[in-house]
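Colleague: please find the sequence and the predicted model below.
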Amino acid sequence: MIRPVAARVLPALLLAFVASTTARAEDAKRRGAAAAKPAPAASVPGGSGATLVATFNDWSAYTAQTGKAKICYALSQPKQRSPANLKDTPAYVFVSFRPAENVKNEVATVLGFPTKDGGPAQAAIGTTTYDLVTKAQNAWIKNPSEEAQAIATMSKGQSLTVSATSARGNKTSDRYSLAGFAQALERARKECP
């Protein structure tokens, strides 16, 4: 069962989420693609900013407000981390919906440690893999057009493994259970139609 995310951790997650969105927008600009406008950091809510809507096995659905915009996401924490000294550092994988920005099904991770920007990273669900792009402590599906396929694969899979390289050059691996993913995703989607 997913550990409840403490109220003091959720604001950090939302800050990481904003950083991830900003990094994604910057990356898309570099590639010449249309980018979602990042949420302004000043509007990130305080300790009561995220609300737990429902929990399904190892996944939970949350909502949050950034200014007037609503964010909804399905979120989980890793069941296993490697190397072992990462266990005390929070990490998350989540799929978000930001209707005000016309963003749906954005797959992102908060790794909990600095990475080399654009360094090697990958998500594996069974035998299917997706390249990730890293920025600071975050990673997301490198090719946004693969997000729907990744979500479909996650909905059918048993576990997700996120592998990345830290800024120091250490190889890391986080294994997430996918039990409850499809239900939490559907609930988050309903909260942000």
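Modeller: Cool, got the structure. Numbering: from 1, shown residues only.
Colleague: ok, which stretches of this structure are strands?
Modeller: Secondary structure of the chain (DSSP state E): strands located at 50-56, 59-66, 69-76, 80-82, 92-98, 103-110, 121-125, 128-135, 138-141, 159-165, 171-177.
Colleague: neighbouring strands - and their directions - for the shortest one?
Modeller: Translated: strand 80-82. strand 171-177 (antiparallel) (DSSP bridges).
Colleague: how about the first one?
Modeller: Taking DSSP bridges as the criterion, strand 50-56 pairs within the sheet with strand 59-66 (antiparallel).
Colleague: how far does the partner strand sit from the chain's center?
Modeller: Taking the mean of its C-alpha atoms, strand 59-66 sits 12 Å from the chain's own mean (C-alpha atoms, centre = their mean, to the nearest Å).
Colleague: what's the nearest residue to Leu178 if we skip its chain neighbours?
Modeller: Gly157 (4.9 Å; C-beta to C-beta, 6 or more residues apart in numbering). Where you see a C-beta, it was placed from the backbone N, CA and C, and this is true even at glycine.
Colleague: that should have said Leu75, apologies.
Modeller: Phe94 (4.1 Å).
Colleague: which residues touch that neighbour?
Modeller: Neighbour list for Phe94: Phe17, Tyr73, Ala74, Leu75, Ser76, Val107, Ala108, Thr109, Val110 [criterion: C-beta atoms under 8 Å, 6 or more residues apart in numbering].
Colleague: quick check: beta-bridge partners of it?
Modeller: Bridge pairing for Phe94 - DSSP bridges - gives Leu75, Ala108.
Colleague: okay, it: pLDDT?
Modeller: Phe94 is assigned 95 on the pLDDT scale.
Colleague: mind starting the numbering at 197 from now?
Modeller: I'll keep to 197 as the first residue from here, and by that count the last item is Phe290.
Colleague: quick check: it vs Val306, distance?
Modeller: 8 Å (C-beta to C-beta, to the nearest Å).
Colleague: hmm, back to that, let me know the closest of the contacts of Phe290 to Leu248.
Modeller: Leu271 (9.5 Å; C-beta to C-beta).
Colleague: closest one of the contacts of Phe290 to Arg385?
Modeller: Minimum distance to Arg385 across the contacts of Phe290 is 8.4 Å, recorded for Ala270 (C-beta to C-beta).
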